[in-house]
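*Asks:* Please find the sequence and the predicted model below.
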Amino acid sequence: MTNSSLSIRAKLLVLVATASLACMAIAGAGLYLSYNRMYQDRVDALRFMVEAGHSMAARFESEVVAGHLTRDEAQARFKEAFLAIRYSGDEYLFAHTYDNVGFAHMNKALMGKDVSGIKDAAGVPVIPALIGIVKSKGEGTYAYDWPRTVGGSETAVKLAYVKGFEPWRIFIGTGIFIDDLWAAFLSQLWTLIGVIAALALPAVILLTLVGHNISSTIRSLAGRMRAMADGDLTVAFPEAGRGDELGDMGRATQVFKENALAKQRLEAEQVEQARCAEMEKHRTIADLADRFEQAVGGVIHAVAREAAGMESRVAEVTQAADQAGRLASDVAVTTEQTSSNVQTVAAATEELSSSIGEISRQVGQSSDIAREAAGIAERANSKVDGLAQAVQRIGTVVELINSIASQTNLLALNATIEAARAGDAGKGFAVVASEVKALATQTAKATDDIALQVADIQSITGETVGELQEVVRVIGHINEVATSIASAVEEQGAATREISRNIQQAAQSTQTVSDSIGSVNEAASQSGKVAYEVLTSVRQLSSHTDTLSSEVDRFLTQVRAG
């Protein structure tokens, strides 16, 4: 069992028991030392008496050595003086030889007799034991049980001290009973036990009461602490009024209670603050959603309106491109007719050249042909004028397409700016706007090419008109000099060759006009395709705008829902 599993009262009792045992151990050690001290005092007293007898024998031996006495005289005087010594009442000294013969003893019957048969109460020979100590150590103590009275049965421990005197080969000794030492020791021991018991019993009672008070107080305090831990903050801690350590615990627990109450209040305030913050957040989100709807929704609706307008304008561009294509086709047909007429004139001129020898005979016929050529030239001139007007109208259409492409490019630029303002939500719209801008740029480039082609057609048409006018003038001149053909055959040949050359140039110019009209027709067709692609992109833009509007509405609904 560890110390932590013991109650405070048990620990206090263990403390008292330990202190009592420690006191008893200390007292026992003191008694033991006291007993040893008394024992040593008895040994010292015995040694002192034996030393006195030993000094007496040495003094008489010194007389023998000095020659003042014989050894027998010295021993006789020693015995007389030695046997007269008494101490502690009836205690005496004795002396025996190393041969177990009585030398000087209070009992005269033992002197000169063998004393090796003297035994203690245990039957152990005493004199041989004493002789052994003398021979081995020179002097020493020997304890043995001995009858307290001569012939009595009561025995007690007796302590003897002996010391050898080598000149006479005797040992001197004395002995006293020491059972009183043990009795004194036991008496002191029981007295000490009584004193310790008298002191320990009140301490045990007092510590038992104190332990019970501490234990009950701690149990009560622990119960209220558990109640407080379970959330009951109404418990009171009367221990806080005590002045001891339990009072410190009560005050500390009261601090815990106050802190818990403060924490509870703080948590309630935090919950309220969180609720207010959540409401404020919802209001803020709703305001942001409204502002976002006003800003982005307006932009989306404006883009949708612009897309619808752009779609109508691109449709107009498509119609204009189709009309330009049809006009270019008409001009091409007219040009083909003009080219055919010019070829006819060239053939007639060739025929005129081949018939130059028969000019005189064919004058009338030449005049008719000249008149017919003049009429054809007039008609060609009229058709070329129509061609010039058609080309002028194509230029007007090209300018209209260029104007529409510029407006489309401007709208695409505005759409790109608004898409950038919309952030991530306008990325798809920005891509469509970029495509529209690219198509508008391509349309502008195509219309510029058409304008260049139309300008070329106009230039060539002007040249054709001049040439046709020249043809009319020449044919008129032919008609004027037809009456003088006979006399001016050479001039007619030259004129005929000039006419042939001019007709060839007119044919080449007419072919050039036809080729240019083909380019115009192709450009008009390409413009129509571009316009159709722009129309498709605008319709996709309108669809994406509707999708963006739906996504914005769904986003705002989710934001407002929290």
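*Replies:* Arrived safely.
*Asks:* contacts, neighbours, all on C-alpha from now
*Replies:* Fine.
*Asks:* quick one, helices of the chain?
*Replies:* Ranges of helices within the chain are 8-66, 71-83, 126-137, 179-229, 245-292, 298-354, 363-422, 427-480, 489-561, based on DSSP state H.
*Asks:* ok, of those helices, where does mean pLDDT dip lowest?
*Replies:* Ranked by mean pLDDT, the helices of the chain end with helix 298-354 in last place, scoring a mean of 66.
*Asks:* any chance of the helices of the chain in a markdown table, plus mean neighbour count?
*Replies:* Supplementary listing: those in a markdown table, determined by neighbours: other CA atoms under 10 Å:
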| stretch | mean neighbour count |
| --- | --- |
| helix 8-66 | 16 |
| helix 71-83 | 16 |
| helix 126-137 | 17 |
| helix 179-229 | 15 |
| helix 245-292 | 14 |
| helix 298-354 | 20 |
| helix 363-422 | 19 |
| helix 427-480 | 20 |
| helix 489-561 | 19 |
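*Asks:* Switch those helices over to CSV; also include distance to Met111.
*Replies:* Output for those, formatted as CSV (distance: least, CA to CA, whole Å):
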stretch, distance to Met111
helix 8-66, 17
helix 71-83, 10
helix 126-137, 14
helix 179-229, 29
helix 245-292, 82
helix 298-354, 152
helix 363-422, 144
helix 427-480, 144
helix 489-561, 135
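*Asks:* which one of those lies closest to Gly152?
*Replies:* Each of those was checked against Gly152 via CA to CA, and the shortest separation belongs to helix 179-229, namely 16.4 Å.
*Asks:* that older thread, for Arg148, find the nearest of the helices of the chain.
*Replies:* When the helices of the chain are ranked by distance to Arg148, counting by CA to CA, first place goes to helix 179-229 at 10.5 Å.
*Asks:* that older thread, and of the helices of the chain, who's closest to Ala160?
*Replies:* If you check each of the helices of the chain against Ala160 by CA to CA, helix 8-66 wins as the nearest, at 7.6 Å.
*Asks:* Just the angle for the closest one relative to helix 71-83, thanks.
*Replies:* Comparing the axes of helix 8-66 and helix 71-83 via axes from the mean of the first three to the mean of the last three CA atoms, to 10 degrees yields an angle of 150 degrees.
*Asks:* Show me what helix 8-66 is packed against.
*Replies:* Packed against helix 8-66, as judged by 3 or more CA pairs under 8 Å, 6 or more residues apart in numbering; DSSP states H and E, are the following elements: helix 71-83, strand 93-97, strand 155-165, strand 170-177, helix 179-229.
*Asks:* Repeat the analysis, applying 10 Å as the threshold.
*Replies:* The helices and strands touching helix 8-66, judged by 3 or more CA pairs under 10 Å, 6 or more residues apart in numbering; DSSP states H and E, are helix 71-83, strand 93-97, strand 139-147, strand 155-165, strand 170-177, helix 179-229.
*Asks:* just checking, Asp180 touches Leu159?
*Replies:* No. Taking contact to mean CA atoms under 10 Å, the distance of 11.8 Å between Asp180 and Leu159 leaves them out of contact.
*Asks:* Give me the buried positions along stretch 149-158.
*Replies:* Thr155, Ala156, Val157, Lys158 (16 or more other CA atoms under 10 Å).
*Asks:* want to throw those into CSV with pLDDT and distance to Thr149?
*Replies:* As requested, the buried residues of stretch 149-158 are exported to CSV (pLDDT from 0 to 100; distance: CA to CA, whole Å):
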residue, pLDDT, distance to Thr149
Thr155, 89, 8
Ala156, 91, 10
Val157, 92, 13
Lys158, 94, 12
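*Asks:* Just give me the closest of those residues to Asp114.
*Replies:* When those are ranked by distance to Asp114 (CA to CA), Lys158 comes first, at 21.9 Å.
*Asks:* Give the bridge partners for the closest one, please.
*Replies:* Going by DSSP bridges, Lys158 is paired in beta bridges with Tyr144, Phe177.
*Asks:* Now for it: which residues touch it?
*Replies:* With contact taken as CA atoms under 10 Å, 6 or more residues apart in numbering, Lys158 is in contact with 120, 142-148, 175-179.
*Asks:* how about 8 Å then?
*Replies:* Under the criterion of CA atoms under 8 Å, 6 or more residues apart in numbering, the contact list for Lys158 reads Ala143, Tyr144, Asp145, Trp146, Gly175, Ile176, Phe177, Ile178, Asp179.
*Asks:* Look up how far Leu69 lies from it.
*Replies:* 37 Å (CA to CA, to the nearest Å).
*Asks:* Check Val271 too.
*Replies:* Computed as CA to CA, the Val271 to Leu69 distance reads 125 Å.
*Asks:* ok, now Glu80?
*Replies:* Distance from Glu80 to Leu69, counting by CA to CA: 15 Å.
*Asks:* go on, Arg371?
*Replies:* Taking CA to CA as the criterion, Arg371 is separated from Leu69 by 218 Å.
*Asks:* now Glu533, nearest residue through space, not along the chain?
*Replies:* Leu439 (7.5 Å; CA to CA, 6 or more residues apart in numbering).
*Asks:* Then Pro238?
*Replies:* Beyond its immediate neighbours in the sequence, the residue positioned closest to Pro238 (CA to CA, 6+ apart) is Gly250, lying 7.2 Å away.
*Asks:* For that neighbour, give me its contacts.
*Replies:* When contacts are counted by CA under 8 Å, 6+ apart, Gly250 is found next to Leu221, Phe237, Pro238, Glu239, Ala240, Gly241.
*Asks:* Could you break this structure into its assigned domains?
*Replies:* In the assignment given by automatic domain parsing, the structural domains of the chain cover 3-204, 317-427+439-525.
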